[in-house]
Structures are given as structure tokens and as C-alpha cells.
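Participant: have a look at this prediction, sequence included:
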Amino acid sequence: MENPSLEEIGEILKKAKRIAVVGLSNNPTRTSYQVSEVMQKAGYEIIPVNPTIEESLGVKAVASLKDIKGPVDIVNVFRRSEQLYDVAKEFDEIDCNVFWAQQGLVNEEAYHFLKEKGYTVIMDRCIKVMHALTK
């Protein structure tokens, strides 16, 4: 399993505008909230994807990726590694090219499923850290 280079990740983040965050919490003490808040303040449109909350970061949440209207530039995932394959299958049904699993998350099956379909896959990397490194 190999991630894109730091330069490639920088290009992805420069072009991206809309980030769907799977598993985004509405609890300010959770990592998903803190990371997404930084990205929102950096100018990205954050779309919370979580069926158990009404909203997060002032944005109405959607229950699943398929409920998002229009294209998404990055799907950033805060779910356990063993859930990544299910998220990857749903990701394959929407208009998005970059699947990003947060730091600590790796799933070989999801990685190979998406790579074989030509998607950009990033795993075990924090989007906030990568954004800071590539600015």
C-alpha cells in the first residue's frame, strides 16, 4: 500500500473545495471535529456525513455519502479500519475521486478495491497535518 507523494497530496489539497467527512462528530473534543474545524477555517466546505447527528460545525449533516448533492473533492473518513471497506463501496457510487482515511486507519481490501477502479487513495494520514505541510 502506497500513498501519493507529499507533492501530489499538496496538489490534491490545493484543488479541493468540498470535503465530505464520514464519521464527523458534533462534539468539539473529538478529533474528527477538531480536524474538520481547522479545514473549514482554511476555506474548505465541510459536509458532515453521520446518521446520528443533526449538524456539525454549523452544517446540516447527511446520513450517507449518497445523500450529498453534487460532486465532492475528497471523502475524509473517521471510522474504524474494519469499516473502511463498506465506506469504500459507498464512495464508489458517488462523484468523488479522492478517498482519504485518517491517521491510524488502514484497510488493504478497501485500498485495493479503490485503486483497481482508478481512485486516488490516501490512508493513515491526517488531512490537517498534510494541509499544514503542503501550504
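Facilitator: Perfect, I can see it now.

Participant: and residue 30, what's its pLDDT?
Facilitator: Looking at residue 30, its pLDDT reads 97.

Participant: next, the contact list for it, please.
Facilitator: With contact set as CB atoms under 8 Å, 6 or more residues apart in numbering, residue 30 has no partners. All C-beta spots, glycine's among them, are computed from the backbone N, C-alpha and C.

Participant: and the helix or strand that contains residue 21, which strands flank it?
Facilitator: Here residue 21, judged by DSSP states H and E, is contained in strand 18-22. Strand 18-22 pairs in its sheet with strand 45-49 (parallel), strand 74-77 (parallel), by DSSP bridges.

Participant: run through who's touching it.
Facilitator: 32, 36, 39, 44-50, 65, 68, 70-79, 87, 96, 127.

Participant: among those residues, which ones are buried?
Facilitator: Buried by 16 or more other CB atoms under 10 Å: 32, 36, 39, 44, 46-50, 65, 68, 72-79, 87, 96, 127, out of those.

Participant: follow-up on the earlier one: turn the strands paired with strand 18-22 into CSV, including mean pLDDT and distance to residue 17.
Facilitator: Shown next, in CSV, are these (pLDDT from 0 to 100; distance: least, CB to CB, whole Å):
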stretch, mean pLDDT, distance to residue 17
strand 45-49, 98, 6
strand 74-77, 98, 9
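
Participant: out of those strands, flag the one nearest residue 14.
Facilitator: Closest to residue 14 of the strands paired with strand 18-22 is strand 74-77 (CB to CB; 11.8 Å).

Participant: now that closest one - C-alpha only, CSV.
Facilitator: C-alpha atoms of strand 74-77 as CSV (Å, rounded to 0.1, in the frame of the first residue of the first chain):
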residue,chain,number,x,y,z
ILE,A,74,-12.3,14.5,-1.0
VAL,A,75,-14.0,12.0,1.2
ASN,A,76,-12.2,12.1,4.6
VAL,A,77,-13.0,9.1,6.8
